[in-house]
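Enquirer: Kindly return the folded structure for what I paste below:
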Amino acid sequence: MYDIYNWPTSNGRKINIMVEELGVEYKIHPIPIGKDAQFTPEFTALNPNQKIPAVVDRDGPGGKPYTMFESGAILMYMAEKHGKFMPTETAARYEVVQWLMFQMGGVGPNFGQTHHFRRAAPEKVPYAIDRFTKETRRLWGVMNDRLADRDWFANNEFSIVDMAVFPWTMRYEWQGISLDEFPNMKRWYEAMEARPGVQRGLAAQVP
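Expert: Numbers count the residues shown, from 1 in each chain. Next up, the predicted model:
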């Protein structure tokens, strides 16, 4: 049983998709970040970095509750615990890890900055909009090339990489992207949308 402290953001959606794909029990505890709930002492005790998501595995190592933060680390933990969506063989495992780090270090931060400067910033800053929009488009190109001869990002098998990338691509219109520009990504995107586990994970989001 997992207690998921979450809100429906791109990083938050990764975890809900994962638990639905695993078919495990979980409970969502809403952390309304628009009301600064992530800064409360209670949530800070779960994640000192004060970002969602945070997860408590009630049956963690040694049968004791185990608390985690950082969405990529949570995905790896769950994959390893349940033996799904990340191989154990070294080369195959690190293919997953590499592409997960690509999402965590590239896709997430840059897409997030693109969303902010194109949509949320109180002042339009042309340099920032141009910088992050260009980098976001470059990353879409990297992903499109990766999928030229495969269905999934790592080992040509559905994995935590696909779960990590997908929520960030859902806001492609915010990024000035058309799926038709990246046909391999469009094919992958439609395959992700069609997965029942993904559909349930998105439906499980708090309001």
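Enquirer: which residues touch the most centrally placed residue in the chain?
Expert: Against the mean C-alpha coordinate of the chain, by Cα atoms, centre = their mean, the closest residue is Ala164 at 3.2 Å. Residues near Ala164 by Cβ atoms under 8 Å, 6 or more residues apart in numbering: 14, 71-72, 75, 100, 103-104. Heads up, the C-betas are built off the backbone N, CA and C, glycines and all.
Enquirer: Take the residues you listed and keep only those in helices.
Expert: 14, 71-72, 75, 100 (DSSP state H).
Enquirer: Helix, strand or coil: sort out the residue nearest to the centre of the chain for me.
Expert: helix (DSSP: H, G, I helix; E, B strand; the rest coil).
Enquirer: quick one on the thing from earlier: scan the ones in helices among the contacts of Ala164 and report the most crowded one.
Expert: Ser71 (30 neighbours; other Cβ atoms under 10 Å).
Enquirer: where does that one land on pLDDT?
Expert: At Ser71, the model reports a pLDDT of 97.
Enquirer: Please report how far the closest residue to it other than its chain neighbours lies from Asp59.
Expert: Using Cβ to Cβ, 6 or more residues apart in numbering and skipping the chain neighbours, the partner closest in space to Ser71 is Asn11 (4.5 Å). Distance from Asn11 to Asp59, counting by Cβ to Cβ, to the nearest Å: 24 Å.
Enquirer: what residues does the lengthiest helix in the chain touch?
Expert: When the chain is parsed with DSSP H, its longest helix is helix 126-146. With contacts defined as Cβ under 8 Å, 6+ apart, helix 126-146 is touched by 99, 102, 106-107, 110-111, 113-114, 117-118, 121, 153, 165, 175-177, 181-185.
Enquirer: Could you report the neighbour count for the residue nearest to Ser71?
Expert: 21.
Enquirer: helix or strand right after the helix or strand where it lies?
Expert: Using DSSP states H and E, Asn11 falls within helix 10-22. Next in sequence after helix 10-22, counting helices and strands by DSSP H and E, comes strand 26-30.
Enquirer: for the next helix or strand after that next one, packing partners?
Expert: Using DSSP H and E, the helix or strand that follows strand 26-30 in sequence is helix 41-46. If you count contacts as 3 or more Cβ pairs under 8 Å, 6 or more residues apart in numbering; DSSP states H and E, helix 41-46 packs onto strand 54-57.
Enquirer: Given the strand it packs on, what are its sheet partners and their directions?
Expert: strand 2-6 (antiparallel), strand 66-69 (antiparallel) (DSSP bridges).
Enquirer: Figure out how far the shortest one is from the centre of its chain.
Expert: Averaging C-alpha positions (Cα atoms, centre = their mean, to the nearest Å) puts strand 66-69 17 Å from its chain's average.
Enquirer: With stretch 169-188 instead?
Expert: 16 Å.
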